[in-house]
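# Fold the following for me, if possible:
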Amino acid sequence: MKVLVTGGAGYLGSVLVPKLLARGHQVRVVDLGYFGLDHMRRLWSPASSTGETARWRRVEVIREDLRAILTKPALGQELLEGCDAVIHLAAISNDPSADLHPDLTDEVNVGVTARLAELARRERIRFLFSSSCSIYGENEGQIDETGVTNPLTVYASSKVTAEKILGELADPNWTATILRNGTLFGFSPRMRFDLVVNIFSFQSVLYGQLKVFGDGLQWRPFLHVSDCARAFIHFLENPDVRRACYNVANENLRVVDLVKTFRAMNPRLEVVHVATQDQDKRNYRVSNRRMLDSGFRPRVSVELGAEEMVDAIVGGQIPDPESIFYRNAKWLKELTQIGSMGHRELVGLIETFKHMGAEVRST
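Sure, this is the predicted structure:
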């Protein structure tokens, strides 16, 4: 199967694409490269000094701003040419990033999604959409896919709007598959340290303390990034025409439960509660029964994923973990403030420095 993965160089996409290749699929990645593409290089670089390419490297990487399909219909057709399915991950991700650029968020998360889905429907190409459990906002009890959505942020609202559009586009011959992902965590080649389990991993190793904002009693559904990638492959390869939407999550936990997990690994950790006037009102638990009934089961618990993250940081697998490069909102803000230098040039410069550093370390 040939699959177009939008945002394929992102936190989730960087884990998903190798899994697709390993299962024999061909992959076309389209990504603007806000956070660089260097970590994807191993998937298309020559396999030997003779210049021959390994047979399993069936990935095509296109560096493109997907917003261009809104004004250039031919571009959208080119991206979809020859594809059997689309896994649409590209988005302005997480609440702080969306709050930073609400108009950009609407254009990317809603406008691009609608246009890409329209093109896919016209060509009868399968469409899998990466949504979020954050659309539930603040809800009592354990909520399933039929529950009322209550988006409290720009990001969550954009996902609700996009889901509504996909529902309106559905017809007897075409229906998008929507995966409402839980809060992700775990190691990725395109690392992020703005997700709570990853943040706690970072803080525990570098500072020996965990900062908890507010009382930490908010509930969240958690999902390892590798399990999320596996879920997309499961629904890609096992289409279920009876269902269009799934909560994809493993464990419902409170922030204070995460603290216990990290203190079990390191009893010396200091826990600092930080009072805040801007209280996070998001508080929701989700039912994953429909996902389980489909035959998909997550494998990695928060406990195992947290240990994996701590080991990666201690073992030096993540260069300079304090860099804002691993924090979406801070990095996007930095790119905005730079202004005169195009982000491609800046990211390219950073990637050059990474190569230089690697060469120095190897000598």
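# Please count neighbours and contacts with C-alpha atoms only from this point.
OK.
# Provide a list of residues in contact with L217.
R254, V255, V256 (CA atoms under 8 Å, 6 or more residues apart in numbering).
# secondary structure class for it?
State at L217, reduced to three classes by DSSP: H, G, I helix; E, B strand; the rest coil: coil.
# got the phi/psi numbers for it?
Backbone torsions of L217, given as degrees, to the nearest 10, read phi -90, psi 0.
# now do the one 10 residues further on
The phi and psi torsions at D227 (degrees, to the nearest 10) take the values phi -70, psi -40.
# From T146, how far out is it?
With distances taken as CA to CA, to the nearest Å, D227 is found 23 Å from T146.
# Could you do R242 as well?
When distances are taken as CA to CA, R242 and T146 turn out to be 14 Å apart.
# count of neighbours near Y34?
Counted by other CA atoms under 10 Å, the residues lying close to Y34 total 20.
# Likewise for Y155?
Using other CA under 10 Å, Y155 has 25 neighbouring residues.
# Likewise for E168?
For E168, the tally of surrounding residues (other CA under 10 Å) stands at 10.
# what does P321 give?
In terms of burial, P321 registers 17 neighbours under the definition other CA under 10 Å.
# Phi first, then psi, for it.
Here the main-chain torsion angles of P321 (degrees, to the nearest 10) amount to phi -60, psi -20.
# State the distance from it to V197.
14 Å.
# ok so, going back, out of the contacts of L217, the closest to M191 would be?
Minimum distance to M191 across these is 21.0 Å, recorded for V255 (CA to CA).
# so that closest one sits right up against Q218, yeah?
Yes. Using CA atoms under 8 Å, V255 is in contact with Q218, at 6.3 Å.
# Quick check: closest non-adjacent residue to G7.
A90 (4.0 Å; CA to CA, 6 or more residues apart in numbering).
# OK, contacts around that neighbour?
With contact taken as CA under 8 Å, 6+ apart, A90 is in contact with T6, G7, G8, D31, V108, N109.
# most surrounded residue in the residues you listed?
Taking other CA under 10 Å as the neighbour criterion, G8 ranks highest of these with 28 neighbours.
# My guess is it contacts V30. True?
Yes. Taking CA under 8 Å as the contact criterion, G8 and V30 are neighbours in contact, 6.4 Å apart.
# Just the buried residues of stretch 263-272, please?
Across stretch 263-272, burial judged by 16 or more other CA atoms under 10 Å covers R263, L269.
# so where do the strands sit in the stretch 51-200 of the chain?
59-63, 85-88, 126-132, 138-143, 177-181, 183-185 (DSSP state E, counting those that start in this stretch).
# For the first one, which strands pair with it and how are they oriented?
Sheet pairing here is set by DSSP bridges, and for strand 59-63 it gives strand 26-31 (parallel).
# before we move on, what about the fourth one?
When sheet partners are counted by DSSP bridges, strand 138-143 sits next to strand 283-286 (parallel).
# got the end-to-end distance for stretch 4-24?
Using CA to CA, the gap from the first to the last residue of stretch 4-24 comes to 14 Å.
# Could you list the low-confidence segments of the protein?
35-36, 44-57, 94-101, 241, 277-279, 323-363 (pLDDT under 70).
# coming back round to it: is it possible to get a markdown table of the strands of the stretch 51-200 of the chain that adds mean neighbour count?
As requested, the strands of the stretch 51-200 of the chain are exported to a markdown table (neighbours: other CA atoms under 10 Å):
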| stretch | mean neighbour count |
| --- | --- |
| strand 59-63 | 17 |
| strand 85-88 | 23 |
| strand 126-132 | 22 |
| strand 138-143 | 14 |
| strand 177-181 | 23 |
| strand 183-185 | 25 |
